[in-house]
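Student: I'll drop the sequence and a predicted model, then ask my questions.
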Amino acid sequence: MVGKMRSMLGLRLAVLLVAAVVGLVAIALLAFNVSRDLRQLSSASSDNIQWTLSQTEVEFLHFRLALAQVQTNEVPDIRSLRRKFDVFYSRIRTLGQASIYHELRQVEEFARHLAAVGDYLDRAVPIIDSDITAFQAALPALRAETTAIRPSVRRLSVSGLNFFAEDSDFRRNALSNTLKQLAWAIAVLVAALVVLVCYLAVLNAQNVRRRTQAIEASERMNIVTGTSLDAVIVADTWGRILDFNAAAEQIFGHSADAAIGQDLGKLIVPEQYRAAHEAGMARLRERGEKRVVGSGRFKLEALRANGDVFPVELAIQSADTKDGEIFIAFLRDISSQVQAEAELVLARDRAMAGEKAKTDFLATMSHEIRTPLNGLLGNLSLLEDTPLSDKQARYVRNMKISGKLLKNHVSDVLDITKFDAGKLLLHPADMNVSTLLQDIVDSQSGAAEGHGTSLDWAWEGAPVHWIHADRDRLQHILMNIVGNAVKFTKNGSIRITAKADPGPDDTMNLRISVRDNGIGIAAELLPRIFDDFTTGDTSYDRDVGGTGLGLGIAQRFIKALGGSISVDSNPGAGSVFHIDLPVQPIAEPIADRHAQSSGHGARKAHVLLVEDNEINRVVAREMLMAQGHSVTEAHNGREAVDLAEDTAFDIILMDISMPVMDGRSAARAIRAGTGASSQAPIIAVTANAMASEQEAFMADGMNGVLTKPLTRDGLLQLVADHVPASPQEDAPESPRSQYLYDLAEAVGSEALQTLLNRFTTELDAFLENLDAGQNPVAAETAVEAHRIAGSAATFGLAEVREALVGLEQAAQEQDVAAAKAAIRSLREIWASGKPMLSLT
Amino acid sequence: MLRRALQTIAISMLAMLPLAAASQADPAGEVLLTVTGPMAGQAEAEAVQFDLEMLQELGTVEFETSTIWTQGVQTFEGVPLSALVESLGMSGTTLRATAINDYAVDIPISDAVEDGPIIAYKLNGEEMSVRDKGPLWIVYPYDSKKEYQSEVVYSRSIWQLDRIEVIE
């Protein structure tokens, strides 16, 4: 950019210079011409030509006069005559010989007359030179000739004059032209010089301005670097310091005077980095390799004058100057920053350690609290089953209520701990929203009725019954919110509405609103309503109580489910809570009705109960035995493994923390072995129910987790879930399930009835054939049993299907006894089930 | 060559100077030149007359030059004007030279310098007749100096010279 400007400038100057030189040369040439012309005019070759020419005639006339006088005088002055002749003769000779008349002699007329006069003179000379006698004799002839030649003499001088007048004119014009050209050339040159002067003036002004700007910029830079808080050090490629600003003086403790000219490495680079620094500088010099220059900010250590090594942050840039490349380093002392960072990291580590300690403490405490609580509640359950007076029964009931409340509080604390520790795992499963809402209304309606409040629920818009979500969490959330509504509403109404709107992709947005017309929430309380330990005004909730964790937990769970919760309330008029959740709608699953509907009526199972705590063991045993299950007890994992080796248990309940061998090791040992119970379901029973641990239990081969404290319902449901019911022992269930009604809705009652009639006919025919002597283990029997089992599944006749599958299996195995047992079982079920297949 | 010739002549001229200054005799031959005006050791009105011999006694020089009145280089022999001025002790500023036909011209005495104009009496080794601009012709060595090629000098180059008057 600058170089271009410079070259342009040079070009312009060169052009102007050339123009000036051309002008000067032109003027010099013209001046030379002028001087030559002037010299010609002055020197010349001219003599006084006009005078000479007129003198020719004068001298001729003198001679002629003298000739005339000779006639009149008796004694002729021959001497005077001769002299006058000689003078004239001399004149004519001069005209004929002089170089200055050379051009004149080229004029034809002049030459002719000159020749005539010459001839005349040649003829006159002998007469003039002769003696007096001869002269006098020739005088008349001479006089006549002289008279005759006179016009020629006249013409001679006149033609000469004309010639020289013209010549003179010509010379004047030539000179005049030359002078004019000179004047033009000078004018052009002057104009060029004026332009040049103007241009130089502009250039000069530009230069002055630029110089001023450069000086100002330089001063500004000096001020900037001088007042910079960062040290600014300028060095050349040899590491010699060229500049060292005030901040550098302060940071490094060297004065600028002392530092400038010193080697950068020796002055500020700590000894252990010096070799690397020198190597870097050498690379830079030899190969121009720049590793740190222009590569942004980085951190290093530097050396102070007092020998301290301290951390610096620096950036280096290079610049090209006329003295070569220079490097500008900006350095910042970051000692305090580094120290502050270290303190911050320390503080964070401490805080995290504290947080972890808190989580661990809470987890441990919840375990330690739940174990004795488990004992308490268990014993209360057992106590309920013993004969009690009315008073005692009431006390037991009260104790149970308090215990359950305490248990809920502990569970709440544990949930919060898990969420905050990021260990809250979701267990999404297929679930029915309508069922969930109905369950909640059912469970809370008693309490609501106690307050004189109505509680109901409904869908707004099209119902979406089946979704894929974490039912337990959702239930927990709704229970908290509906429970709150029930608590704070007296003699009012609570309505739960569900609404499903299409969401992104295949998802739906499920909004569940809980609206009450209770006491409402004070405006100042609303923003804090979801905070932990927030409770309502004591004047209102004196009789409702609470930890203030319920809504906090609800909000945490909703967040974990990817949803949001909001509240709107008017004190005195009521509140409305909106829960918005993204959910995945699904088709209604073909449910195993049997398992769900079997309830606690599972067949009597043989349970291995592994528990080191005697109270818990007794409680669990009593609960199980009260339902008719048989229980074998083990006090630790080792005993459990030994027992499982020999006995085939229907289910194993395994405590985790035990002496001798813990529950996880025992589960692994049982699964690894080939004992009688190696494939039996194993359920972990633990109070420390962290989700991460639950996964570990599954990895050990366990089939489920039961959280302490144990409840009767929970325990019995678990057994029912994992122990298949036996049709022989259970009372046959009505085969006409809810499913059949659903099916009727789907395909129409008439169509279904036709199908059912066909199925009845087929199954009756099959049984008749078997009665008539068809081989119960024939391949044909197996095929038919398989086909009819498929139809039974379609109609939701689970027991019929099971019996048919048993027959098919027995037939394939050629087990005649089993086959006959299966046929007997089928007859029984069918006998009671067949009438139910009539829809009318 | 010319320079050598001039040097030779100058030396011979210098050798003759005392002799020339001493002799102020009357002319024996035909008077060629008459000098009048204030001169050292001479009455106001008295004229000094020279014949050829007397002129030659003043010392002679010879040079070659071209002139505008002739063609080609000519050889002139004559008495340096300076020699005449010195020998007569002329105290004026100007010499008024007059020709036979009464043509007159003023020559400043300052023109009379060494290697300057001469009063020539020989052209190409021969005495000059009146018909050949003789007998005397004041000739400047035109070729030797640029200043001698001016119209003023040409006008001072009077031929058919017969009188010189010294003017104050």
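Tutor: Cool, got the structure. The shown structure was predicted, so the numbers you read here are calculated from the model rather than taken from an experiment.

Student: what's around B:Asp51, how many residues?
Tutor: For B:Asp51, the tally of surrounding residues (other C-beta atoms under 10 Å in any protein chain shown) stands at 17. Where C-beta positions appear, they are placed from N, C-alpha and C, glycine not excepted.

Student: Contact residues of chain B facing chain A?
Tutor: Those residues of chain B that sit near chain A, judged by C-beta under 8 Å from any C-beta of the partner chain, are B:66-71, B:100-101, B:103, B:129-133, B:149-151, B:154-155, B:159-160.

Student: at 6 Å what do you get?
Tutor: Residues of chain B found near chain A, taking C-beta under 6 Å from any C-beta of the partner chain as the criterion, are B:Ile68, B:Trp69, B:Thr70, B:Gln71, B:Asn101, B:Val130, B:Arg131, B:Lys133, B:Gln149, B:Ser150, B:Tyr154, B:Ser155.

Student: Please list all residues in contact with the second one.
Tutor: Just to be clear, that refers to B:Trp69. For B:Trp69, the set of contacting residues under the criterion of C-beta atoms under 6 Å, 6 or more residues apart in numbering or on different chains consists of A:Thr94, A:Ala98.

Student: Show the model's pLDDT score for it.
Tutor: Per-residue pLDDT puts B:Trp69 at 85.

Student: That one and A:Leu807: what is the separation?
Tutor: 170 Å (C-beta to C-beta, to the nearest Å).

Student: need the next SSE after the helix or strand that contains A:Ala205, C-terminal direction.
Tutor: Assigning secondary structure by DSSP states H and E places A:Ala205 in helix A:132-227. If you walk from helix A:132-227 toward the C-terminus, the next helix or strand you reach (DSSP H and E) is strand A:231-236.

Student: and that next one, which strands flank it?
Tutor: When pairs are called by DSSP bridges, strand A:231-236 turns out to pair with strand A:241-244 (antiparallel), strand A:324-333 (antiparallel).

Student: per-residue confidence averaged over it?
Tutor: Averaging the model's pLDDT scores along strand A:231-236 yields 89.

Student: which stretches of chain B form strands?
Tutor: Ranges of strands in chain B, per DSSP state E, are B:31-36, B:48-51, B:61-66, B:73-80, B:94-99, B:104-108, B:118-123, B:126-127, B:137-139, B:161-167.

Student: Can you add mean pLDDT and distance to A:Trp51 and give those strands back as JSON lines?
Tutor: Conversion of the strands of chain B to JSON lines gives the following (pLDDT from 0 to 100; distance: least, C-beta to C-beta, whole Å):
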{"stretch": "strand B:31-36", "mean pLDDT": "86", "distance to A:Trp51": "24"}
{"stretch": "strand B:48-51", "mean pLDDT": "86", "distance to A:Trp51": "28"}
{"stretch": "strand B:61-66", "mean pLDDT": "90", "distance to A:Trp51": "22"}
{"stretch": "strand B:73-80", "mean pLDDT": "91", "distance to A:Trp51": "23"}
{"stretch": "strand B:94-99", "mean pLDDT": "89", "distance to A:Trp51": "13"}
{"stretch": "strand B:104-108", "mean pLDDT": "89", "distance to A:Trp51": "11"}
{"stretch": "strand B:118-123", "mean pLDDT": "91", "distance to A:Trp51": "22"}
{"stretch": "strand B:126-127", "mean pLDDT": "88", "distance to A:Trp51": "27"}
{"stretch": "strand B:137-139", "mean pLDDT": "92", "distance to A:Trp51": "17"}
{"stretch": "strand B:161-167", "mean pLDDT": "87", "distance to A:Trp51": "17"}
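
Student: List the residues that contact A:Cys198.
Tutor: Contact criterion C-beta under 6 Å, 6+ apart gives no residues in contact with A:Cys198.

Student: gap between the helix holding A:Ala205 and the chain center?
Tutor: 81 Å (C-alpha atoms, centre = their mean, to the nearest Å).

Student: can you state the direction angle for it and strand A:324-333?
Tutor: In this structure, helix A:132-227 runs at an angle of 20 degrees to strand A:324-333, with axes from the mean of the first three to the mean of the last three C-alpha atoms, to 10 degrees as the basis.

Student: tell me the mean pLDDT over helix A:132-227?
Tutor: Helix A:132-227 comes out with an average pLDDT of 86.

Student: Can you report phi and psi for A:Gly261?
Tutor: Here the main-chain torsion angles of A:Gly261 (degrees, to the nearest 10) amount to phi 100, psi -20.

Student: which SS state does the residue most central in space within chain A fall under?
Tutor: What sits nearest the mean C-alpha location of chain A, by C-alpha atoms, centre = their mean, is A:Gly296, with 19.4 Å. Three-state secondary structure (criterion: DSSP: H, G, I helix; E, B strand; the rest coil) places A:Gly296 in coil.

Student: Tell me who's in contact with it.
Tutor: Taking C-beta under 6 Å, 6+ apart as the definition, A:Gly296 has no contacts.

Student: from what I can see A:Asn33 touches A:Leu179, true?
Tutor: No - under the criterion of C-beta atoms under 6 Å, A:Asn33 makes no contact with A:Leu179, lying 9.2 Å away.

Student: Neighbour count for the two, which is higher?
Tutor: A direct count of neighbours by other C-beta under 10 Å for A:Asn33 and A:Leu179 places A:Asn33 higher, at 17 against 14.

Student: okay, how far is it across stretch A:773-781, tip to tip?
Tutor: 11 Å (C-alpha to C-alpha, to the nearest Å).

Student: Can you give me the buried ones in that stretch?
Tutor: Judged by neighbour count using 16 or more other C-beta atoms under 10 Å in any protein chain shown, the buried positions of stretch A:773-781 are A:Pro776, A:Val777, A:Thr781.

Student: Over to stretch B:70-90?
Tutor: Result for stretch B:70-90 [16+ other C-beta under 10 Å]: buried residues B:70, B:74-88, B:90.

Student: How far off centre is stretch A:618-632?
Tutor: So, by C-alpha atoms, centre = their mean, the centroid of stretch A:618-632 is 63 Å from its chain's centroid.
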